[in-house]
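A.B. asks: okay, here's the prediction I keep looking at, along with the sequence it came from:
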Amino acid sequence: MNAVFYLSAGLALLTTALAITRGNPVHALLYFVISLLFMGVIFFALGAPFAAGLEVIVYAGAIMVLFLFVTMMLAMDRLALRRERDWIARPIWIAPICLVLLLAVELARPLLRGSHQAAFHIVTPQAVGIKLFTTDLAAVELASMLLLAGLVAAFHLGRRQ
Amino acid sequence: MTLLWLIPFLPLLGATILGLAGPTLGHRASAIIGTASVGLAALIAITIGVQWLQRPPPGEVFTQNLWTWVNLPGLSVNISLYLDPLALLMTLVITIIGTLIHLFSTEYMQDDPGYSRFFAYLNLFVAAMLLLVLAGDLVILFVGWEGVGVCSYLLVGFWFSDPANGAAAQKSFIVTRIADIAMLAGLLLLSTQLGTLNIQAMLAAATLHWPRGGMLPELAAALLLIGGLGKSAQVPLQTWLPDAMAGPTPVSALIHAATMVTAGVYLVARTHVLFLLAPDVMRAIAIGGALTLLIAALAGLMQSDIKRVLAYSTMSQIGYMFLALGVGAWSAAMFHFLTHAVFKALLFLSAGAISMRLHHAQNIFAMGGLRDRLPAAFWAFLIGAASLAALPVVSAGFFSKEMILGDVWSAPSIALWTAGITGALLTAIYIFRAVFIVFFGPVSTEPSGAYGIRILLPLALLATAALAIGWLQTPDFLGGRTLFAQFLTASTGATPRHPIPTLITLAGCLAPITGIAIAFGLHRAGFWQAQAQQPPSPLSRLLRSGLGFDAIYDALLVKPYLWLVAVLRHDPADLISTALASAATGAHRRLRATQTGKLRRYIAWITAGSIATLAMLLFA
Amino acid sequence: MTIAWPLPAALALALFLLGLLGLLTRKNLVFVLMSIEIMLNAAGLLFITAGMRWGNPDGQIMLIFVFNLAGAELALGLVLLLRLRNRLATLDGDAANLLRDTP
């Protein structure tokens, strides 16, 4: 299990890094989707099979697909792609990398404190379901209201004037 | 004698009428009202004087309380008039010479558009001066003091359309103002320490409570002295007098020769009891007087404007008066005041008479050979000059100057006497230099017009007085008469008679004669004319400017003050409140630059901000 | 089969920072939206890690809500992206700078 985890972790990092550095947005999104698949594996390795399933089906399968379709709809031509390359020239990365490293240093300490050993549990979908629809029922309703709001807004904003 | 209050009141009434209705009354009425008010006051003064000589009031003092002005626990001031021999002398001089000068001005100023304004101011001046000399209370004296200062300003700047005249008026007012502040401080000191400013009560309290030579009398006397120095144009506050010649000549005659500039002398004489308690201040007075008379005489030697010659001469002669005051010779000082008032008014009026016939020229090198053209002016000026130079026996000035020199010698002070005798020599030189240049030699400008009676009568009367009035007080070798000193005894205390060595008297006689001879010789040799043609040497430039006092004051006082004004002009004190506003505006402008509208920038700022916040939370 | 929990946490941090890096760097709005998704996903991973640590279903529940949120937000984001593209004819985020301060 550990080997699976390490492999998936490394590849997830690699593909995410690739995703943010591509010139073509479709390529980048595809790399991201692959990263999400590896994330799913990681979830499974962490004892959350339901989460793994959701990650693949919902996130990579629905949300990202939506994103891909819209991006493909944007139809970037050769000129746009060349311009995109200009926008990610080397010097642009320096300051952001510095900032991010600073943040990394700051956040690393509190995040990684405490005892490092814990027992390993597999949390079953049943447990999730029970918890979700009994204790966290109100949150479910709110989440559905959020989706409704998103739906209405997207529909309204997407109309042709 | 109960009509005493009319003496200052009549000129005041004249000033009010002329001030309110002058332009509508016209020249003739203005002249009559102006001259009559002072003339009536003179008549009343003469009547009172005659009464006084026949039957003096008890204690030789007459007070008339008009009303109470202020009555507070700390201070009580009455408007009271105090008449004693000293005040009577001053009143007679002011009113009589004032009347003559008013008469002179009615013809001298007749082409001037501001005719009634002139007489209004002149009347106001006479009223203020009379209030000053008749005041029984130092506060009233100060009111008169300030009044004459204001009138001096108004009259020096009479022709105000020329800014130079305004500047001269401002200069005279500001310099005397500085002196007046010191005087006011002195008055405050006296009133808080002695509880009263009524002159006689104050002097009595001072002799009772203050030790001779103590700090309080010295300080009070010094402060009053500074006030007097300013008003009388003595060193170091003398710079305003030559510039004050910008006013009309009758103004110079009345204010800056006969009366206002002697106010300082009167003040010291009036409060001499206080000054007797302050021997250091007396010494300072004497030394200052000696310095002034020498400096002014040297400056007078180099002037080319006739009125400036006379201005420096006034400064010098008042120096003599202060010298006499400094050695305690009160009656000598007042005697010289009397003779000086007569001959200086005479000199100024004759100078005015000369210039009015020469289209108001005042440069002596533009005049020449006027002896035959203007005989009346010539004789008047000559008699005045002889009196100024103290020509022995014939002139009144001789007697008063002899009295001063004799008293200075007996002080005893050889140094001061030497200064006095040198001054006498220089006086003769500079005034006869003017006489020779103006009246002898070739004619430069031909005079036009003629004199009326109103010009000639005052000149004649003053000339007679300049010859005769000296006989009131004669030195020993001429009879030893002491009428004048006796008259003033009640005011000034008994004047002791010291025997004066014949040599000293002889020197006093020879000095003016020698001076006249030197002036004559230099004139014959053409020295004065040659000097006027050449570019001035540094020495003559220094002397001409009154020994550079103006330049020194300009550099030391005026320039720093103007610099301060320029700095404060932009209201730096306001910066305290505007600094906050401008700091806020500046910060706003800088922060604005971060609103670029670019998303990435904003995200970068958010990141940086969260880094900072986290740093604070985690590591603090 | 115990995985020390700091490791997934560190991974989550690294992924989050990668997403932030992408957000700071890329001009193209598509990439901006994508970077946001990366960050959301990393947060979700952290939740799962916590759930594993405490043996709770709470972590997965939070993940569900995170997906929920991500979906709604992405939908709207894409609609707005399209509107912007139609208006400004570019996908450059810097082109939409009318909210800048004009002195």
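C.D. replies: Cool, got the structure. Keep in mind it's a predicted model, so treat the numbers as computed, not measured.
A.B. asks: show me what contacts whichever residue of the stretch 1-150 of chain B sits closest to chain C?
C.D. replies: In the stretch 1-150 of chain B, no residue comes nearer to chain C than B:Val150, which is 57.3 Å away by Cβ to the nearest Cβ. Yep, even glycine has a C-beta here, placed from its N, CA and C like the rest. Neighbouring residues of B:Val150 by Cβ atoms under 8 Å, 6 or more residues apart in numbering or on different chains: B:128, B:173.
A.B. asks: so where does it fall, helix or strand?
C.D. replies: Using DSSP states H and E, B:Val150 sits in helix B:138-156.
A.B. asks: list the buried residues in that helix.
C.D. replies: B:138-149, B:151-156 (16 or more other Cβ atoms under 10 Å in any protein chain shown).
A.B. asks: can you check stretch B:506-525 too?
C.D. replies: Going by neighbour count (16+ other Cβ under 10 Å), the buried part of stretch B:506-525 is B:507-509, B:511-512, B:515-516, B:518-520, B:522-523.
A.B. asks: what's the closest of those residues to chain A?
C.D. replies: Lowest distance from chain A to the buried residues of stretch B:506-525 (Cβ to the nearest Cβ) belongs to B:Leu522, with 93.3 Å.
A.B. asks: contacting residues around the closest residue in space to that closest one that isn't next to it in sequence?
C.D. replies: Distances taken as Cβ to Cβ, 6 or more residues apart in numbering or on different chains put B:Trp528 closest to B:Leu522, at 6.1 Å, once the chain neighbours are dropped. By Cβ under 8 Å, 6+ apart, B:Trp528 lies in contact with B:433, B:436-437, B:522.
A.B. asks: write the PyMOL selection for whichever of those residues are buried.
C.D. replies: In PyMOL, a selection of the buried entries from these looks like this (16+ other Cβ under 10 Å):
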select buried, chain B and resi 433+436+437+522
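A.B. asks: what's the burial count for residue 45?
C.D. replies: Just going to use chain A. Close neighbours of A:Ala45, defined as other Cβ atoms under 10 Å in any protein chain shown, add up to 22.
A.B. asks: that's the other chain; I wanted chain C
C.D. replies: If we define neighbours as other Cβ under 10 Å, then C:Leu45 has 28 of them.
A.B. asks: how much space between it and chain B?
C.D. replies: In this view, C:Leu45 and chain B are 20 Å apart by Cβ to the nearest Cβ, to the nearest Å.
A.B. asks: tell me the contacts of that residue?
C.D. replies: With Cβ under 8 Å, 6+ apart, C:Leu45 has these contacts: A:39, A:42-43, C:8, C:11-12, C:15.
A.B. asks: go through stretch A:23-43 and flag the buried ones.
C.D. replies: Quick answer for stretch A:23-43 (16+ other Cβ under 10 Å): A:23, A:25, A:28-43.
A.B. asks: the residues you listed in helices, which ones?
C.D. replies: A:25, A:28-43 (DSSP state H).
A.B. asks: now do stretch B:64-77: distance to the chain's middle.
C.D. replies: Relative to the chain's own centre, stretch B:64-77 is displaced by 29 Å; criterion: Cα atoms, centre = their mean, to the nearest Å.
A.B. asks: what does that stretch contact?
C.D. replies: Under Cβ under 8 Å, 6+ apart, the answer for stretch B:64-77 is B:2, B:4-5, B:78-81, B:83, B:137, B:139-140, B:191-192, B:195-198.
A.B. asks: of the residues you listed, grab the buried ones for PyMOL.
C.D. replies: Per 16+ other Cβ under 10 Å, the buried members of the contacts of stretch B:64-77 correspond to this PyMOL selection:
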select buried, chain B and resi 4+78+79+80+81+83+137+139+140+191+195+196+197+198
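A.B. asks: give me the neighbour count for the residue lying closest to A:Ile34 once chain neighbours are set aside.
C.D. replies: Residue nearest to A:Ile34 in three dimensions, not counting chain neighbours: A:Thr15, with 4.8 Å by Cβ to Cβ, 6+ apart. Applying other Cβ under 10 Å, we find 19 other residues in the vicinity of A:Thr15.
A.B. asks: also the one 5 residues further on?
C.D. replies: The number of residues packed around A:Ile20, counting by other Cβ under 10 Å, is 22.
A.B. asks: so it makes contact with C:Phe31?
C.D. replies: Yes. Under the criterion of Cβ atoms under 8 Å, A:Ile20 makes contact with C:Phe31 at 6.9 Å.
A.B. asks: mutual contacts of those two, please.
C.D. replies: The contact lists of A:Ile20 and C:Phe31 share A:28, C:22, where a contact means Cβ under 8 Å, 6+ apart.
A.B. asks: quick one: low-confidence parts of chain C?
C.D. replies: In the predicted model, chain C carries pLDDT under 70 at residues C:1-2, C:103.
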